[in-house]
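A.B. asks: Sequence and predicted model, in that order:
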Amino acid sequence: MNRQTSDFYYEEAQSVIVGGVNSPSRAYKGVGGGTPVFMEKGAGAYLYDVDGNRYIDYLAAYGPIITGHAHPTITKAIQQQASNGILFGTPTRLENEFAKQLTTAIPSLEKVRFVNSGTEAVMTTIRVARAYTGREKIIKFAGCYHGHTDLVLVAAGSGPSTLGTPDSAGVTKATAAEVITVPFNNIAAFEEALSHWGNETAAVLVEPIVGNFGIVEPEPQFLEKVNELAHAAGALVIYDEVITAFRFMYGGAQDLLQVKPDMTALGKIIGGGLPIGAYGGRMDIMEQVAPLGPAYQAGTMAGNPASMSAGLACLQVLRENGVYEQLDQLGALLEQGLHQAAKEAGVPMTINRLKGALTVFFTDEKIRDYEGASRTNGDQFSVFFKEMLTRGIHLAPSKYEAWFLTIAHTKAHIDKTITAAQHAFRCVAEQ
Ligand code: PMP
């Protein structure tokens, strides 16, 4: 496969854009480097690069593109809005309509606010939780990603009883001292953290179904226990549903799992591919937000008509009958085919799948936390990723990411993907 034009543009990009990319994971560091593919066009399940190569896409732009690329309903909504103006700086009816749809789909959202990214949504839930509780510390779970604000770029200390350490240059030690990180699916560690910091903790922040060290589901009773213990300590529970909302069902992971947080952060899918974030939760908590309350949050682009229109169109598509069943069925086919292919090649492999999202881990261990995901074989993943790419299958360039199916994928795409995987697993075995 010729990718010379991508090479050219990557070189050019590096002369004007730091690292040649506008988000670090795009630079293929997670697969040992190489030239990222420069994409030109998306249509349904396919992406086309600048050299004219076609790929079956499972990145789905890290989650938002659940309808497939350039879905006609979303495209039309964006075009219509563009011809009526895309930004007014005033309230619009679209915001009301969208807020009504979100609060209906996810009942724990008694009130919402729109922002422009998942990062902003999470950042603001933390501010509001602090305003509501008058406390400062946050507990989060190792390997969960919550955007790039200072507070959530803090890694675990050496145990649940120690405070965090900055995970990025530029994050102060003082900020890191406000965050405690504990392993996911580990209630004992969470309890220990609460025993030290419970009465100073404003909120516990968690991806209810993890998407950021691969797809990892909470074990039975884990989220229920988190809720119970956090509330007993007087802390709020915030679900980061930036990946999970509308991914597994029409609604949040919280609706699928029947657990209820105090606040929720949203993003990705709800924007239909345009920039968006939203947060919401219990009325009495949300009343902390300006102009009603003392916690400030604002945005020139917040609730912009273009993102609202795209988001409304996306939800309309997702309300169609059978959408989530189809994603689940294709996910199951893909999972079976990948298993078989790995087995035939003799490559140890574990798949975590929930409906139309899955992660292939190069290990025979069960993956339930970040430690486990870290121990999986990154070299094997890199070989697999590159072989798949060469065979026209576009995956996320990191062993920690998910494959996302879209409603544009068909059985024929899955069959082609499995054929490519048979070859890629053999290459891994021969490595
Ligand atoms: N939370 C989660 C769970 C995410 O996966 C992400 C992005 N991958 C974010 C927050 C940040 O969202 P954004 O990139 O839109 O700022």
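C.D. replies: Sure thing, it's come through. Numbers count the residues shown, from 1 in each chain.

A.B. asks: Could you pull up the contacting residues of residue 154?
C.D. replies: Going by C-beta atoms under 8 Å, 6 or more residues apart in numbering, residue 154 touches 140, 164-167, 171, 175-176, 178-179, 181. No exception for glycine: its C-beta is placed from N, CA and C like everyone else's.

A.B. asks: Among the residues you listed, the buried ones, what's the PyMOL command?
C.D. replies: Command for PyMOL that selects the buried part of those, burial taken from 16 or more other C-beta atoms under 10 Å:
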select buried, resi 140+164+165+166+171+175+176+178+179+181
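
A.B. asks: Looking at the contacts of residue 154, which are in strands?
C.D. replies: Among those, the members falling in strands (DSSP state E) are 140, 165-166, 179, 181.

A.B. asks: Format the residues you listed as JSON lines; extra columns: pLDDT and distance to residue 420.
C.D. replies: Shown next, in JSON lines, are the ones in strands among the contacts of residue 154 (pLDDT from 0 to 100; distance: C-beta to C-beta, whole Å):
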{"residue": "140", "pLDDT": "97", "distance to residue 420": "37"}
{"residue": "165", "pLDDT": "89", "distance to residue 420": "41"}
{"residue": "166", "pLDDT": "91", "distance to residue 420": "40"}
{"residue": "179", "pLDDT": "96", "distance to residue 420": "41"}
{"residue": "181", "pLDDT": "96", "distance to residue 420": "37"}
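
A.B. asks: For the residue of the chain found nearest the ligand, which non-adjacent residue is closest in space?
C.D. replies: At 2.3 Å from the ligand, residue 118 is the closest residue in the chain, using C-beta to the nearest ligand atom. For residue 118, ignoring the flanking residues on the chain, the nearest one in space by C-beta to C-beta, 6 or more residues apart in numbering is residue 267 at 3.2 Å.

A.B. asks: close enough to count as contact, the one you found and residue 123?
C.D. replies: No. Using C-beta atoms under 8 Å, residue 267 is not in contact with residue 123, being 11.6 Å away.

A.B. asks: Between the two, which is the more surrounded one?
C.D. replies: For residue 267 and residue 123, the more surrounded residue by other C-beta atoms under 10 Å is residue 267, and the numbers stand at 27 against 23.

A.B. asks: any idea how far residue 124 is from the more buried one?
C.D. replies: Distance check for residue 267 against residue 124: by C-beta to C-beta, to the nearest Å, it reads 12 Å.

A.B. asks: pLDDT value on residue 162, please?
C.D. replies: The model reports residue 162 with a pLDDT of 84.

A.B. asks: Around the ligand, which positions in the stretch 151-300 of the chain sit nearby?
C.D. replies: Counting by C-beta under 6 Å from any ligand atom, the residues of the stretch 151-300 of the chain close to the ligand are 207, 211-212, 240, 242-243, 267.

A.B. asks: Mind picking the two most distant members of those residues?
C.D. replies: Of all pairs drawn from those, the greatest distance, 12.9 Å, lies between 212 and 267 (C-beta to C-beta).

A.B. asks: And for the residue of the chain closest to the ligand, the neighbour number?
C.D. replies: Neighbours of residue 118 under the rule other C-beta under 10 Å: 30.

A.B. asks: Isn't it up against residue 271?
C.D. replies: No. Residue 118 lies out of contact with residue 271 (C-beta under 8 Å); the separation is 9.8 Å.

A.B. asks: average pLDDT for the helix or strand that contains residue 412?
C.D. replies: Assigned by DSSP states H and E, residue 412 belongs to helix 411-430. Taken as a whole, helix 411-430 has an average pLDDT of 98.

A.B. asks: buried sites along that helix?
C.D. replies: Of all the residues in helix 411-430, those buried under the rule 16+ other C-beta under 10 Å are 413-414, 417-418, 420-422, 424-428.

A.B. asks: who's sitting farthest from the centroid in the chain?
C.D. replies: residue 430 (32.9 Å; C-alpha atoms, centre = their mean).

A.B. asks: quick one: buried residues of the helix or strand harbouring residue 332?
C.D. replies: Per DSSP H and E, residue 332 falls inside helix 323-345. The neighbour-count check on helix 323-345 (16+ other C-beta under 10 Å) flags 323-324, 326-331, 333-335, 337-339, 341-342, 345 as buried.

A.B. asks: could you point out which element follows it?
C.D. replies: Downstream of helix 323-345, the next assigned helix or strand under DSSP H and E is strand 350-354.

A.B. asks: how much space between residue 182 and residue 370?
C.D. replies: Residue 182 sits 11 Å away from residue 370, going by C-beta to C-beta.

A.B. asks: next one: residue 330
C.D. replies: Per C-beta to C-beta, residue 330 is found 28 Å from residue 370.

A.B. asks: do residue 154 as well
C.D. replies: Going from residue 154 to residue 370 by C-beta to C-beta gives 14 Å.

A.B. asks: try residue 413
C.D. replies: From residue 413 to residue 370 the distance is 31 Å (C-beta to C-beta).

A.B. asks: go on, residue 151?
C.D. replies: Taking C-beta to C-beta, one finds residue 151 at 18 Å from residue 370.

A.B. asks: can you pull out the helices in the stretch 151-300 of the chain?
C.D. replies: Assigned helices in the stretch 151-300 of the chain, in chain order: 173-176, 187-197, 222-232, 253-257, 283-286 (criterion: DSSP state H, counting those that start in this stretch).

A.B. asks: could these go into CSV alongside mean pLDDT?
C.D. replies: Below are the helices of the stretch 151-300 of the chain laid out as CSV (pLDDT from 0 to 100):
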stretch, mean pLDDT
helix 173-176, 94
helix 187-197, 97
helix 222-232, 98
helix 253-257, 98
helix 283-286, 98
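
A.B. asks: Figure out which of the ones you listed is closest to residue 403.
C.D. replies: Going by C-beta to C-beta, the one of these nearest residue 403 is helix 253-257, 17.7 Å.

A.B. asks: Please name the residues that touch residue 50.
C.D. replies: Neighbour list for residue 50: 5-6, 9, 38-40 [criterion: C-beta under 8 Å, 6+ apart].
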